[in-house]
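J.: build me a model from this:
(one chain, ligands or ions: 1)
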Amino acid sequence: MSANAYSATRGLQHEEPLLFEREHKAATAIALPGVSGEIAASLFAFVRKTPARIPGLSEPETVRHFVRLSQWNHGIETGFYPLGSCTMKYNPRVNEQIVRLPGLAYVHPEQPQDSVQGVLALLFELQQWLGEIAGLPHVTLQPAAGAHGELAGMMMIRAYHDARGDNKRRKVLVPDSAHGTNPASAVLAGLNTVEIKSAANGRIDLDALKANLGEDVAALMLTNPNTTGMFESDIGEICELVHRAGGLVYGDGANLNALVGIARPGDMGIDCLHINVHKTFATPHGGGGPGAGPVAVNDLLAPFLPVPRIEKNGDVYQIICEGEQSIGAVFGSLGQTGVLLRAAAYIAAFGCNDLHKIAEDAVLNANYVLARLKDVYHVPFPGLCKHECLLTDEWQERHGVKTLDIAKRLIDLGMHPMTVYFPLIVHGAMLIEPTETEAKETLDTFCDAMLEIAAQCEAGDTAILHDAPLLPFRRRLDETQAARKPVLVWNDSGFSS
Ligand SMILES: *Cc1c(COP(=O)(O)O)cnc(C)c1O
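T.: Presented below is the predicted three-dimensional model:
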């Protein structure tokens, strides 16, 4: 099949100069009346000395510029978006309708509590639901992202040890497959981290764990299923070992859709878990938009939860601002209400009896992709995966083709690439997470594209893969340079940094 036969988009990118670079005449689409007489006198101090710099373009040209810019983004609503370790990319329309209801959209954080009982009731319900899903009954909705939830969790764990006078415990064990935010959050909370190697099966190495346990260990930070898409099948033993050594187990529940409604981290022995509701419960992740990372804890950590919190007293919902042992506020108000309410809407749409369908479909979709690709792409950790599947470029590398080439070629074929080069423990990683919202036909479209790329490799037809993407105006960008030396300023003599 030829390039872009697979989806309706071409190359994902468009070229669009700045308005000032396109202008072609001194006239503009804007005609402002001159100012004279009394008005001019009263505005005296404010009258411009130099003409305003308005681009010389007609109205249709200007409109087209902005409409084209609005079409630049490739998103889940344009095409398939298989990024791994990101979970939900689609945001059902009903969520948007719900959060735009005036009674939810226009409340103010400082409004009298008796005038916002509805929102408080919804947020309180969400606390209860997340507690039930996590198997950890006490929940704070405050943290504004997954990493922020990790920080709050680490602060609570530290406060817990300190409150018992056990203040030697400053070490946090972090597996080498962990998301980079894990060690960063532990360090921000004033703790230090020790890396635990993974075993050959992609799971935590129990001997390495045992060797590092001791009286200085505050916690183990564990992601389950981990970032290779594998379930930590020794989870019971892992938690027991850490607890016996006096530490706590922190669970990274950023991507919870392999477990939701089926298994509960609290039941596995995890003491504290953050949930990226902007990944697991619908709000699209990425693009720098708002998120929310509620944290659920067990009874041991409950006294240390951030305030303010919502409690229910009879029929009245109250915001509680005091907590003797609380770590204090980690956010300006109760939390990112818009994101939290979308999550509540997503959970309510399934209802407690059908929540497990999220996990079943997410895991089935990932395994379908794995099954179709496992004979042509190397699978580092064989067996069933959970919500995402991990491949590598090992077999393509023999033909000189790398993960980056494969990812760039997908752009030509009209699809956003998967997560590449993460997790770090696997050389040339390609992490694919379709989520529960994709149809089999979409998965087939993606797998067909991946199979075509592999076939081109085998046939020695590699030039096209090294040159890809061929269709976008901008092709292989120097991302390091862009991050290190961003060019942010334009004036009439051009761009400057
Ligand atoms: C995304 C992610 C995080 C961080 O969440 P943010 O909301 O981006 O801060 C942490 N851990 C894992 C496994 C993740 O996938």
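J.: around the ligand, pick out the residues from the protein.
T.: If contacts are counted using C-beta under 6 Å from any ligand atom, the residues of the chain sitting beside the ligand are 85, 145-147, 179, 181, 223, 227, 252, 254-255, 276, 291, 293. Where C-beta positions appear, they are placed from N, C-alpha and C, glycine not excepted.
J.: of all those, which two lie farthest apart?
T.: Pairwise distances across these (C-beta to C-beta) peak at 18.1 Å, for the pair 227 and 291.
J.: looking at those two, which one has more neighbours?
T.: Using other C-beta atoms under 10 Å, the more surrounded residue of residue 227 and residue 291 is residue 227, with 29 against 23.
J.: and the residue of this structure nearest the ligand?
T.: Of all residues in the chain, the one sitting closest to the ligand is residue 146 (2.4 Å; C-beta to the nearest ligand atom).
J.: what's the pLDDT at that residue?
T.: pLDDT, the model's per-residue confidence, is 95 for residue 146.
J.: I'd like the numbering to begin with 25 instead of 1 from here.
T.: Yes, from this point I'll number from 25; that puts the last item at residue 170.
J.: quick one: it and residue 317 touch, right?
T.: Yes: in this structure, residue 170 sits in contact with residue 317. The criterion is C-beta atoms under 8 Å, and the distance is 4.4 Å.
J.: so these two - more neighbours on which side?
T.: When residue 170 is set against residue 317 and neighbours are counted by other C-beta under 10 Å, the residue ahead is residue 317, at 31 against 28.
J.: check contacts around the more buried one.
T.: Residue 317 is in contact with 167-174, 176, 278, 298-301, counting by C-beta atoms under 8 Å, 6 or more residues apart in numbering.
J.: among these, which one sits closest to residue 491?
T.: For those, with residue 491 as the reference and C-beta to C-beta as the criterion, the closest is residue 278, at 35.4 Å.
J.: got the contact list for that closest one?
T.: With contact set as C-beta under 8 Å, 6+ apart, residue 278 has these partners: 109, 111, 170, 203, 247, 298-300, 303-304, 317.
J.: pipe those into a markdown table and attach secondary structure per row.
T.: Below are the contacts of residue 278 laid out as a markdown table (DSSP: H, G, I helix; E, B strand; the rest coil):
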| residue | secondary structure |
| --- | --- |
| 109 | coil |
| 111 | coil |
| 170 | helix |
| 203 | coil |
| 247 | strand |
| 298 | strand |
| 299 | strand |
| 300 | coil |
| 303 | helix |
| 304 | helix |
| 317 | coil |
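J.: what would the residues you listed look like in a markdown table with distance to residue 49?
T.: Written out in a markdown table, the entries for the contacts of residue 278 read as follows (distance: C-beta to C-beta, whole Å):
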| residue | distance to residue 49 |
| --- | --- |
| 109 | 50 |
| 111 | 50 |
| 170 | 50 |
| 203 | 52 |
| 247 | 58 |
| 298 | 56 |
| 299 | 55 |
| 300 | 50 |
| 303 | 49 |
| 304 | 53 |
| 317 | 51 |
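J.: and these, which are buried?
T.: If you count burial by 16 or more other C-beta atoms under 10 Å, the buried members of the contacts of residue 278 come out as 109, 111, 170, 203, 247, 298-300, 303-304, 317.
J.: by pLDDT, give me the weakest of the contacts of residue 278.
T.: The weakest per-residue confidence within the contacts of residue 278 falls on residue 111 (78).
J.: and the closest residue to that residue other than its chain neighbours, what does it touch?
T.: By the measure of C-beta to C-beta, 6 or more residues apart in numbering, the closest residue to residue 111 outside its immediate chain neighbours is residue 303, 3.8 Å from it. Listed by C-beta under 8 Å, 6+ apart, the contact partners of residue 303 are 110-112, 170, 278-281, 309, 315.
J.: hmm, try it at 7 Å
T.: Taking C-beta atoms under 7 Å, 6 or more residues apart in numbering as the contact definition, residue 303 lies against 110-112, 278-279, 309.
J.: please convert these to JSON lines, extending it with secondary structure.
T.: As requested, those are arranged in JSON lines below (three-state DSSP):
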{"residue": "110", "secondary structure": "coil"}
{"residue": "111", "secondary structure": "coil"}
{"residue": "112", "secondary structure": "coil"}
{"residue": "278", "secondary structure": "coil"}
{"residue": "279", "secondary structure": "coil"}
{"residue": "309", "secondary structure": "coil"}
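J.: which two from those end up farthest apart in space?
T.: Pairwise over the contacts of residue 303, using C-beta to C-beta, the maximum falls at 112 and 278, 11.0 Å.
J.: residue 318 contacts residue 169, correct?
T.: No: assessed by C-beta atoms under 7 Å, residue 318 is found out of contact with residue 169, at 10.7 Å.
J.: excluding chain neighbours, what is closest to residue 484?
T.: In space, not counting the residues next to it along the chain, residue 484 is nearest to residue 423; the distance is 6.7 Å by C-beta to C-beta, 6+ apart.
J.: so that neighbour makes contact with residue 486?
T.: Yes: between residue 423 and residue 486 there is a contact at 5.7 Å, judged by C-beta under 7 Å.
J.: now tell me what touches the helix or strand containing residue 146 from outside.
T.: Assigned by DSSP states H and E, residue 146 falls within helix 141-158. Applying C-beta under 7 Å, 6+ apart, the set of residues contacting helix 141-158 from outside is 127-128, 131, 161-163, 165, 277, 284, 288-290, 297, 299, 318, 320, 334, 336, 341, 358, 361, 364-365, 367-368, 371.
J.: check what pLDDT the spatially closest residue to residue 215 that is not a sequence neighbour gets.
T.: Counting by C-beta to C-beta, 6+ apart, residue 215 lies nearest to residue 196, which is 4.9 Å off, once chain neighbours are set aside. You'll see residue 196 listed with a pLDDT of 98.
J.: ok, residue 196 - how many residues close by?
T.: When neighbours are counted by other C-beta under 10 Å, residue 196 registers 26.
J.: buried sites along stretch 93-112?
T.: Burial within stretch 93-112, assessed by neighbour count using 16+ other C-beta under 10 Å, is assigned to 98, 100, 102-112.
J.: distance between that stretch and the chain's centre?
T.: Distance of stretch 93-112 from the chain centroid (C-alpha atoms, centre = their mean, to the nearest Å) equals 12 Å.
J.: same check on stretch 343-363?
T.: On the basis of C-alpha atoms, centre = their mean, stretch 343-363 sits 22 Å off its chain's mean C-alpha point.
J.: can I get the CA coordinates of it in PDB?
T.: Output in PDB follows, covering the C-alpha atoms of stretch 343-363 (Å, rounded to 0.1, in the frame of the first residue of the first chain):
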ATOM      1  CA  ILE A 343     -14.800  22.000  53.500                       C
ATOM      2  CA  ILE A 344     -12.400  21.100  56.400                       C
ATOM      3  CA  CYS A 345      -9.300  23.200  56.600                       C
ATOM      4  CA  GLU A 346      -7.800  21.900  59.800                       C
ATOM      5  CA  GLY A 347      -5.800  18.700  60.200                       C
ATOM      6  CA  GLU A 348      -3.300  18.400  63.100                       C
ATOM      7  CA  GLN A 349      -0.900  16.200  61.300                       C
ATOM      8  CA  SER A 350      -1.800  17.300  57.700                       C
ATOM      9  CA  ILE A 351       1.000  18.100  55.300                       C
ATOM     10  CA  GLY A 352      -1.000  21.300  54.600                       C
ATOM     11  CA  ALA A 353      -2.300  22.500  51.200                       C
ATOM     12  CA  VAL A 354      -0.600  21.400  48.000                       C
ATOM     13  CA  PHE A 355      -3.000  23.400  45.800                       C
ATOM     14  CA  GLY A 356      -4.800  26.700  46.000                       C
ATOM     15  CA  SER A 357      -8.300  25.200  46.300                       C
ATOM     16  CA  LEU A 358      -9.900  21.700  46.400                       C
ATOM     17  CA  GLY A 359      -8.400  20.700  43.100                       C
ATOM     18  CA  GLN A 360      -8.700  21.100  39.300                       C
ATOM     19  CA  THR A 361     -12.500  20.900  39.500                       C
ATOM     20  CA  GLY A 362     -13.000  20.800  35.700                       C
ATOM     21  CA  VAL A 363     -10.700  17.800  35.200                       C
END
